[in-house]
Structure formats: structure tokens, C-alpha cells
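Visitor: here is a sequence together with a model predicted from it:
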Amino acid sequence: MRVLYVTSEVFPYAKTGGLADVSAALPVALKELGIDIRVLVPGYQQALERVRDIKRTIPLGDPLGCGDVRLLETHLSHSDVPVWLVDCPQLYLRPGGLYQSQDGAEWLDNALRFALLNHVAAGIANEPGGWRPDLIHCNDWHAGLVPLLLSSEQSRPATLLTIHNLAYQGVFPVDELARLDLPPSAFETMEFYGKISFLKTGMALADAITTVSPNYANEIVTPEYGCGLEGLLQHRSPDLSGILNGADYRIWDPSTDPHLVCNYSSRSFAAKADCKRAIQAELGLNPVSNVPLVAFMSRLVHQKMPDVVLEALPDLIEDGMQFVLVAEGDAGYQAKFRELAVRYPGQVAVKIGYEEALGHRVLSGADMLLHPSRFEPCGLVPIYAMRYGTIPLVRRSGGMADTVTDATPETTREGTATGFSFENPTADELTVCIRRAVSLYGQPIAWRRLQSAAMRQDFSWQRSAAAYGDLYRSLTGTAALELPEPVIVQTDDLEKLTA
């Protein structure tokens, strides 16, 4: 089976968050199952700077009037999975981020930039005599036009859309349609409250839809989490399923991690204390071992509750807790966390911007990972943290409900607890959650048992890849295998939702 995996980012070439990690690990796991998979991603400036081996160049002409376009073929790190970079200097060769300029503003031509990615994917599907996919796996809104572009083809590949975060929908003014070279009837499918939505388009036309955790798949059919698309998702619920993301333990494992000052494992754990001392020294924190060091490594956006964290922190820090932030996002939040570091020198460290190696060192040295979210599709960093013996503190939503077992008296006694969770996105509930964790931290034997249980969790990609493989085969008719369990919306629940 041939699969084209279309994504807006892939590690190590281009990364802003978990999508890049998924796009680097899942194709490798699928390749191990015998699937001929290739990754298609824009050739951003940072991607071209990181490429070390271009195997061949494939000219594609000028699909959207933005200058000559080429495919540059390389491969994923530590794998022979091909990566095709869409090289279009006018759209991708620019300083700044993948989606934003250096001042944090969205690129004004993002609709065109990602429409090109979709046109290239559709062109590959229709290339006579070339490598033609049996299925195109479209990720998030950036690849949402592929099903539309293929909708009129009599012989086309199957299409699968994965929603990594429903809140980001690729919504643009209607006048963008004029330069996207779409079918005349496109607006009927793309229309979204007087604008156009790339994500809605993919959701409406893809043969199947997945999300990145089973619980999130159930949440997004409700008004609370549906982001205005719950009606469409309810309609597509027979074709919607949740497949939990995995962790790439080739990269996220403290026993082999090259970024750490020393390695450790659940069986040889003493060196984690050395990692804590090292990160305290690196970030200018007081070199004390008997106070909890809590890390925050989420984007500084409303979803991740930085406002609530800022409200809760002062009392906790004054009680002795240390706090380190490695993140970027809203300028206002960045400024407030910097102010906190000035107010509490030696107890608070703030690093704006994400550095991969620093992220690894912080996870190894921290005692806890603070990862609250108003909604959380999956949550990869808490999964990584568990392998490092760093206990996640999360709001029970989306993938966090699927992966973190709250340390109640019962689960702690049974040895099944792996973290701490709370229900409502308030400072009071977050504070109670943190204080529960700090209390158990003061009981070394119980805390070590919790760390051991967390480190034993296995979220490797093999199980998730097998579920995707079954879904691929079901969509392409290559085997009579069952779909992952679909989201079931009971009739009475649906009546309530649509009342």
C-alpha cells in the first residue's frame, strides 16, 4: 500500500509543536508495517537550512502563479522514509515562523501558502506513470483542501483527515478563493460563517476522520468542544474515531537521551537528582534538592491556561516551590512570566522560545510537569514526562483523560497512579492539584513509587500505527479489517445537542 502523508511540519526540519513529532514518528512505525509511505511538507527556510542530503529534485512547474515549484527529496532522521519538501521560495523562503512573521503576526498569504501544499499533493495523486498513493493522509487544516481537489476524480486515492487541534481551522476571507485555483463549487463546501475554512472542507469530504485520542473524539461532537463544527462532526460521527498519539522513545528516553548530563532509567534512578542539580545551575535556580521543581512547557495561549497558572503561582512559590518555564506565545503572557522571574530570583526561571535540547534537560531535572489545558486533544509532553519520572499535573480533558491516572488514595495504594489531575479550569482547583502533588512529594517512598509507575507506561507508536494501518486498509479495500472503534453518539444525546 502506498500512502502520502501531508503535514505542515515534521521534526527535525520544521517544528512548532507536537504535530512535528507525530509526523516524524508515525510514518516510521507505518513503514515498519510494510506500508510504502512518503511525507509531504512545505520547504520552509528553516527546513532547507537543516537538510543535509537532497537525493533528487523533481520540477513541478508553476501551479498557482507563485514561481517555479520543485520537490526536494530527503528522508526522516534515522529512517529511510522519504520526505518531499515543496520548494517555492516566494511562499516559504522567508525569516520568521512557519505560520507567523517575526513579530508574531499571521502571514497574510497563509491561504495561498497551504493551498499550494494541497495542490502538490493532488498533483502527485494524479501523476501518470509516477508514484501514486492509494491513500492520502491529511493532517489538520493545512491539508484540508486535498479531498476537495480530488472530489471530481473518478479514480482517486482514499482520503483520511486527522484533526490534531480543532481550534485551528484555517479560516480566511472569501476573497482568498480567487487565487486558490479551486473548483467553481468550492464555496458551498468551504463556507463557514461568511468566510472559508480549510478544516471544515476536509471534514466534509474526507472518507474518514480521526483525532489524536479517543476521549477528544467524543468531546468534539459537543458544543463545548466542537468550536462551531460540532454539527458537521455529529453528521460524520460514523466515520470519526480517536487513535491515541504515541511517543518516540528513540528520542524521548532518559536512558539514552544524548542531551542529558547523565542518563538514568526506572531501574537506575539516582542520576535524575544530578539532572535536577544541573538544570538548577543552568537556569540560575537555588541549588536545593528538597523542594519540588515544577516545569511548564506549553504554548502561551489561552488554551493552555497561562492566566490561571499566573494566578496560582505566587502563593505556591512563597511556600518554597521552584518553577521553570520554557515556552513562547502571547507577548502579554511572556511579559508577566518574566516579571515573576524578577520578583522571585532563584525560585523562578523563564526561557522564552523552545529549544529542543533544553526541553529534554528540563524534563529530566524537573520533579513535576505542569500541563493544564482548557482542552487537550492529546498532550505529548506529559507522555514524555512520565518516561523521565517527571510527574504530570493536568486537567482531565481530551487525551489527558486517556493517559494520566490521578493519584487518589486508592490508585496510589494500588500502584496504578501516574500523575495528578483536576476537573475545572480555575486557579483554586489547579492550586489544590499542585498542593496534593507537593504533599506526596514530601513522602519519598510513595513519590518514588509514583515515579516508577509513570516510567513503566508504554505509549510507543506500534499500537497506534497498527490502528492506522487497519484504517488505511479498510479505506482502500485492501483487507477486510475493522475500523478503530468509532465515536458513538446516542440518539437521545444527539437530540439534546441539537435542541
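Guide: Arrived safely, thanks for sending.
Visitor: check the spacing between the residue of the chain most remote from its centre and residue 176 real quick.
Guide: Centroid-distance maximum for the chain: residue 129 at 35.1 Å, with Cα atoms, centre = their mean. According to Cβ to Cβ, to the nearest Å, residue 129 stands 34 Å off from residue 176. Backbone N, C-alpha and C define where each C-beta goes, glycine included.
Visitor: please pull out the lowest mean pLDDT helix or strand from this structure.
Guide: The helix or strand of the chain with the lowest confidence, counting by mean pLDDT, DSSP states H and E, is helix 491-498 at a mean of 32.
Visitor: all helices of the stretch 1-150 of the chain, in order?
Guide: Using DSSP state H, counting those that start in this stretch, the helices found in the stretch 1-150 of the chain span residues 18-31, 45-50, 89-92, 110-125, 146-150.
Visitor: as JSON lines, these with distance to residue 352 would be great.
Guide: Conversion of these to JSON lines gives the following (distance: least, Cβ to Cβ, whole Å):
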{"stretch": "helix 18-31", "distance to residue 352": "19"}
{"stretch": "helix 45-50", "distance to residue 352": "18"}
{"stretch": "helix 89-92", "distance to residue 352": "25"}
{"stretch": "helix 110-125", "distance to residue 352": "24"}
{"stretch": "helix 146-150", "distance to residue 352": "35"}
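Visitor: what's the closest of those helices to residue 360?
Guide: helix 18-31 (12.5 Å; Cβ to Cβ).
Visitor: which residues in the stretch 151-300 of the chain form strands?
Guide: 158-163, 171-172, 191-192, 195-197, 208-211, 240-242, 293-296 (DSSP state E, counting those that start in this stretch).
Visitor: got JSON lines for the ones you listed, with mean pLDDT and mean neighbour count too?
Guide: Output for those, formatted as JSON lines (pLDDT from 0 to 100; neighbours: other Cβ atoms under 10 Å):
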{"stretch": "strand 158-163", "mean pLDDT": "98", "mean neighbour count": "26"}
{"stretch": "strand 171-172", "mean pLDDT": "97", "mean neighbour count": "19"}
{"stretch": "strand 191-192", "mean pLDDT": "96", "mean neighbour count": "17"}
{"stretch": "strand 195-197", "mean pLDDT": "97", "mean neighbour count": "21"}
{"stretch": "strand 208-211", "mean pLDDT": "98", "mean neighbour count": "25"}
{"stretch": "strand 240-242", "mean pLDDT": "97", "mean neighbour count": "24"}
{"stretch": "strand 293-296", "mean pLDDT": "98", "mean neighbour count": "26"}
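Visitor: need these in JSON lines (columns: distance to residue 331).
Guide: Below are the strands of the stretch 151-300 of the chain laid out as JSON lines (distance: least, Cβ to Cβ, whole Å):
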{"stretch": "strand 158-163", "distance to residue 331": "28"}
{"stretch": "strand 171-172", "distance to residue 331": "22"}
{"stretch": "strand 191-192", "distance to residue 331": "28"}
{"stretch": "strand 195-197", "distance to residue 331": "26"}
{"stretch": "strand 208-211", "distance to residue 331": "30"}
{"stretch": "strand 240-242", "distance to residue 331": "34"}
{"stretch": "strand 293-296", "distance to residue 331": "17"}
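Visitor: closest one to residue 22 among the ones you listed?
Guide: Checking the strands of the stretch 151-300 of the chain against residue 22 by Cβ to Cβ gives strand 158-163 as the closest, at 8.5 Å.
Visitor: grab the CA positions of that closest one and hand them over as PDB.
Guide: Extracted in PDB, the C-alpha atoms of strand 158-163 (Å, rounded to 0.1, in the frame of the first residue of the first chain):
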ATOM      1  CA  ALA A 158      -8.800   7.400  -0.400                       C
ATOM      2  CA  THR A 159      -8.500  10.300   1.900                       C
ATOM      3  CA  LEU A 160      -8.200  10.400   5.700                       C
ATOM      4  CA  LEU A 161      -8.200  13.700   7.700                       C
ATOM      5  CA  THR A 162      -6.600  13.700  11.200                       C
ATOM      6  CA  ILE A 163      -7.600  16.600  13.400                       C
END
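Visitor: 445 is where my numbering starts, stick with that
Guide: OK, 445 is where the count begins now, so the last one is strand 602-607.
Visitor: pairing partners for that strand, with directions?
Guide: Strand 602-607 sits in its sheet next to strand 579-583 (parallel), strand 652-655 (parallel), going by DSSP bridges.
Visitor: can you tell me which of those comes nearest to residue 748?
Guide: Of the strands paired with strand 602-607, nearest to residue 748 by Cβ to Cβ is strand 652-655, at 18.4 Å.
Visitor: what sits up against that closest one?
Guide: 602-608, 610, 647, 661, 664, 677, 680, 683-687, 821, 912, 915, 919, 927-928 (Cβ atoms under 8 Å, 6 or more residues apart in numbering).
Visitor: can you rerun that using 7 Å?
Guide: Applying Cβ atoms under 7 Å, 6 or more residues apart in numbering, the set of residues contacting strand 652-655 from outside is 604-607, 647, 661, 664, 680, 683-687, 821, 915, 919.
Visitor: likewise stretch 573-587?
Guide: Contacts for stretch 573-587 (Cβ under 7 Å, 6+ apart): 445-452, 463, 467, 558, 561-562, 565, 568-569, 588, 590, 601-608, 612-614, 642-643, 646, 650, 916, 919-920.
Visitor: all helices of the stretch 745-894 of the chain, in order?
Guide: Going by DSSP H, counting those that start in this stretch, the stretch 745-894 of the chain shows helices at 750-762, 775-787, 800-809, 824-831, 842-847, 853-858, 871-885, 888-900.
Visitor: so, low pLDDT: which residues of this protein?
Guide: For the chain, the stretches flagged by pLDDT under 70 are 923-943.
Visitor: how about 50 then?
Guide: Low-confidence segments of the chain (pLDDT under 50): 924-943.
Visitor: outline the domain layout of it.
Guide: If you go by automatic domain parsing, the domain ranges for the chain are 446-690+908-937, 715-900.
Visitor: including distance to residue 708, could those go into CSV?
Guide: CSV is the format used below for the domains of the chain (distance: least, Cβ to Cβ, whole Å):
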stretch, distance to residue 708
domain 446-690+908-937, 22
domain 715-900, 4
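Visitor: residue 700 is nearest to which of those?
Guide: domain 715-900 (10.9 Å).
Visitor: and the closest one, how far apart are its ends?
Guide: Taking Cα to Cα, to the nearest Å, the first and last residues of domain 715-900 lie 17 Å apart.
Visitor: go ahead and confirm residue 531 touches residue 487.
Guide: Yes: between residue 531 and residue 487 there is a contact at 4.1 Å, judged by Cβ atoms under 7 Å.
Visitor: shared neighbours of these two, which are they?
Guide: Common contacts of residue 531 and residue 487 (Cβ under 7 Å, 6+ apart): residue 516.
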